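> I'd like to go over a predicted model; first the sequence, then the structure.
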Amino acid sequence: MNEKIILTNKDLHRIVKQIAEQVEGEYYKISPEEYLQLMSLGSYHGKAITKMKRFESKPLWITGDLNISNTPTDSLGNVGYVDGSLNISSTNVFNITGTKVKGWVSDSNSPRERFREKEELNAKLTIQESLRENDEWALEQGDETGEKAHALFELLKNVGSIEPLSDEDKEKLTILKRKLQDLEQEYDNLDDNDERVSELQDAIDETDSEIEELLENDVDVYMMYPNPNYTHYGLQQFEILIPGFKNEEYTVGTEEEMDEAALEYAKSYIDDVGADGFSESFIEDYLDVDAIVSMAEDDYEYQIRDYPDSYFNDDDYELTSEQEERIEQLESQIEDLEQQKLELDSDDDNYYDYEEDLDNQIEALQEELDNIEVDTEPTEDMIDTKVAELVRDVRRDPLDYLKNLGLDIKEYIDEDELAQGLVDSDGWGIMNSYDGQYDSEEVNGITYYIMRVN
């Protein structure tokens, strides 16, 4: 029975470190600056540099970004790893297969770029050929991507960007290809001294030229390549696999898809530039009124509680119901006592004592009555009513409220509403940085909208 081995985090760290040291030990580390200096001294012949004895025949490990752009370099030599990005733009480097690069590789205007693009184009053409073989984009198939490809193809025809072969030209192309095949076969069977060699060669060249001319327009809907790696704010994006259309990209979408894409663009634009990208006069229609009102409610309640004199005057305060009831009781009691005084018998020996007693009672009640005053502390109902009154004004004119407080209006916009407002104002063209335009074509009863975006 095998014994289990339990590794601690410390053990794992030690093992990983040992492996890293072993891997790095297979390389000779050199800084980008030192590598470039050696390259310049060696006329930028990478293979010659990396064969230097000092490197012990080990592949080189470049310890940072390596930029050899705009140099006559045709090879990196024995560079095995670039611990950063690699820039071989505008060089003669064709192949970097043996070099691992941690970051990005920039290869514009180099043989490597041309080779890579050719491979990528061939791969795309192979994918499209498989679709063509089964005619998967035939309109009766109802394929959505196929319908969009047809819409783009029709647009390019209608604006004169492409001129597909007519049925007559297609037949002519087939005949020319057969003719070329026959001419080449006849040419191969001739002796070098045959006087018809020159004549046949001229015929072959002429036929080949006619074929090439026709092939320039031998295009169909399957040359519209739906890029699976990119969309334009959710819209289907197409490349054109036709010579002369390099780097041209188009999007195709339904009306609903265009609305959704434009709104997504607007939200992304707002995220990038914030409200600073808009004038105050535009964004004031898209204030987040609920947020402003909520802020005003909190602010006014605080102000009223702390500074009631700024919001209420004496006329705003009233006696409580308990106070009013007590006043009625006291006034009634005083009135009863006054009546008792009038009914006293002046001939009674105790008259003056009774009168004094009644006066004292009346005086005490009157003193209590005089001391009943309105409470100048606002009640909860008074505060709630005043807050509601002020907030109604804020809801009617939130912009005025913000300005009076000196607040930045742009901090209180409703971004969703602003995004929709931007779309409503500028239309779908806002998401087309190429020319701001779009066209439409109808396919199978559906209108598709097309934009060139690059």
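Arrived safely.
> show me the contact partners of stretch 147-165.
Outside stretch 147-165, the residues that touch it by Cβ atoms under 8 Å, 6 or more residues apart in numbering are 137, 139, 173, 214, 217-224, 226, 236, 238, 240, 242, 245, 250, 252-253, 439, 441-444, 446, 448, 450. All C-beta atoms are positioned from the backbone trio N, CA, C, and that covers glycine.
> with stretch 290-308 instead?
Applying Cβ under 8 Å, 6+ apart, the contact partners of stretch 290-308 are 310-311, 376-378, 383, 386-387, 390-391, 394-395, 398, 401-402, 412, 414.
> now, the residues you listed that are in helices?
Among these, DSSP state H puts Ile383, Lys386, Val387, Leu390, Val391, Val394, Arg395, Pro398, Tyr401, Leu402 in helices.
> just the residues you listed now: which is nearest Asp74?
Leu402 (64.8 Å; Cβ to Cβ).
> where does the prediction get shaky in the stretch 151-300 of the chain?
192-194 (pLDDT under 70).
> which residues in it form helices?
Counting by DSSP state H, counting those that start in this stretch, the stretch 151-300 of the chain has helices at residues 167-188, 197-215, 255-273, 280-283, 289-306.
> could you dump these into a markdown table and include distance to Ile49 and mean neighbour count?
Output for these, formatted as a markdown table (distance: least, Cβ to Cβ, whole Å; neighbours: other Cβ atoms under 10 Å):
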| stretch | distance to Ile49 | mean neighbour count |
| --- | --- | --- |
| helix 167-188 | 47 | 13 |
| helix 197-215 | 44 | 13 |
| helix 255-273 | 44 | 17 |
| helix 280-283 | 60 | 14 |
| helix 289-306 | 64 | 15 |
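> can you tell which of these is closest to Asp347?
Between these, helix 289-306 lies closest to Asp347; by Cβ to Cβ that is 63.9 Å.
> run through who's touching stretch 344-360.
Contacts to stretch 344-360, defined as Cβ under 8 Å, 6+ apart, come from residues Leu337, Gln340, Lys341.
> of these, which belong to helices?
Leu337, Gln340, Lys341.
> quick one: which of those residues is most hemmed in?
Using other Cβ atoms under 10 Å as the neighbour criterion, Leu337 leads the ones in helices among the contacts of stretch 344-360 with 18 neighbours.
> residues in contact with that one?
Leu358, Gln361, Ile362, Leu365 are the contacts of Leu337 under Cβ under 8 Å, 6+ apart.
> distance to Arg326, pLDDT and secondary structure added to the residues you listed, as CSV?
Shown next, in CSV, are the contacts of Leu337 (distance: Cβ to Cβ, whole Å; pLDDT from 0 to 100; DSSP: H, G, I helix; E, B strand; the rest coil):
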residue, distance to Arg326, pLDDT, secondary structure
Leu358, 21, 90, helix
Gln361, 16, 92, helix
Ile362, 16, 89, helix
Leu365, 11, 89, helix
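> farthest-apart pair in the residues you listed, please.
Largest separation among these by Cβ to Cβ: Leu358 and Leu365, giving 10.7 Å.
> what secondary structure does the residue lying farthest from the centre of the chain sit in?
Here the centre of the chain is the reference, and by Cα atoms, centre = their mean the most remote residue is Asp347, at 105.6 Å. State at Asp347, reduced to three classes by DSSP: H, G, I helix; E, B strand; the rest coil: coil.
> any idea how far it lies from Asp359?
Counting by Cβ to Cβ, to the nearest Å, the gap from Asp347 to Asp359 is 19 Å.
> contacts for the longest strand seen in the chain next, please.
As assigned by DSSP state E, the longest strand anywhere in the chain is strand 224-232. The contact list for strand 224-232 (Cβ under 8 Å, 6+ apart) reads 124, 127-128, 145, 148-149, 152-153, 236-241, 249, 251, 261, 431, 451, 453.
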